[in-house]
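**Q** task: produce atomic coordinates for the following.
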Amino acid sequence: MKRSLMYHTALPRHDLRVRSHRIDVKPALALGSHVSFVRYADKTTLLMGDVVVTEQEMQPFSDALHKNKIGQTAIHKHLLAQTPDIWWIHVHAHSHHPVSLARGLRAAFDRTDTPPPLPSSLRKPGDLDTAGIDAALGVKGSGDDGIYKCVFVRRETITDGHLVLPPGLGSTSALNFQPLGDGRAAISGDCAMIASEVQDVLVALRCAGARLVELHNHGLTDEPRLFFVHFWAVGDGVRLARALRPAVAATNVVPAG
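**A** Next comes the predicted model:
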């Protein structure tokens, strides 16, 4: 079934002050909640999203989702050794009533301290060699509130049950670079893989010096079945990009957009 319309919104956790491995994590690096509504030709709407919650917020947020018939398809972490403890919850629902979905989601967000979104800046970080990063990864990145983001999408058509997902929805690989000065960066990354690619990607990440964080699924009924590995790396931005290129190349992806 083809989509007719997608609405996407981002809700970065600007209220949180998170540290991982002695680095202050900016919201755009790894603290962004994202929610998408996809309208299909049969007038049904698919809700998919990834929501950042604190450990204290997680159970009330989950209870509100359950009360409003919104499912959870993954609960996991994106960061190692973090303070405070932060979790990521993937949400999912399919309905003829998009406003009811939105109200239910709002009820769940109201159980958290998630702030309203702020105007975002597309300015590229000034102290990173973004041209060198682009050349190393074979992609054209973009700036997002001081973070440089390089995004890839799976080549395959991805379905969720009988629904065809828009390109990139729930199936992207992303490397986010937070500048640390002198060309260095902290990278929070995520690779989308099919089963046969997983081991090659894990080996390539470790060969690049990246720390593995989580290996998991984001969905329950996706085809082809997708796995995701979150990873963390710190060092010279261009050298890390070159070292991480084989991990991206081990998957069936192309640069986004």
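**Q** ok, the nearest residue to Ser95 once chain neighbours are set aside - contacts?
**A** Spatially, and ignoring its direct neighbours in sequence, Ser95 is nearest to Leu101 (5.4 Å; Cβ to Cβ, 6 or more residues apart in numbering). Where C-beta positions appear, they are placed from N, C-alpha and C, glycine not excepted. Neighbouring residues of Leu101 by Cβ atoms under 8 Å, 6 or more residues apart in numbering: 37, 45, 47, 70, 93, 95.
**Q** give me phi/psi at the last one?
**A** Read it as Ser95. Phi and psi for Ser95, reported as degrees, to the nearest 10, are phi -160, psi 160.
**Q** which element is Leu29 on?
**A** Taking DSSP states H and E as the criterion, Leu29 maps to helix 27-30.
**Q** pLDDT of that helix, averaged?
**A** The average pLDDT within helix 27-30 is 95.
**Q** now do the helices in the stretch 51-200 of the chain.
**A** Ranges of helices within the stretch 51-200 of the chain are 55-67, 98-109, 130-137, 198-207, based on DSSP state H, counting those that start in this stretch.
**Q** which residues of this structure score low on pLDDT?
**A** Scanning the chain for pLDDT under 70 picks out the ranges 1-4, 122, 124.
**Q** tell me the domain ranges of it?
**A** Domain segmentation of the chain under automatic domain parsing yields 3-109, 130-255.
**Q** just put those domains in a markdown table and tack on distance to Pro117.
**A** Output for the domains of the chain, formatted as a markdown table (distance: least, Cβ to Cβ, whole Å):
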| stretch | distance to Pro117 |
| --- | --- |
| domain 3-109 | 6 |
| domain 130-255 | 11 |
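**Q** to Pro119, which of the ones you listed lies closest?
**A** Pro119 lies closest, by Cβ to Cβ, to one member of the domains of the chain: domain 130-255, at 9.5 Å.
**Q** how about the residue nearest to Met58 when sequence neighbours are not counted, what does it touch?
**A** With sequence-adjacent residues excluded and distances taken as Cβ to Cβ, 6+ apart, Met58 is closest to Trp87, at 5.2 Å. By Cβ under 8 Å, 6+ apart, Trp87 lies in contact with 52-55, 58, 75-77.
**Q** likewise Ser188?
**A** Counted by Cβ under 8 Å, 6+ apart, Ser188 has contacts 25, 29-30, 78-79, 176, 178, 230-232.
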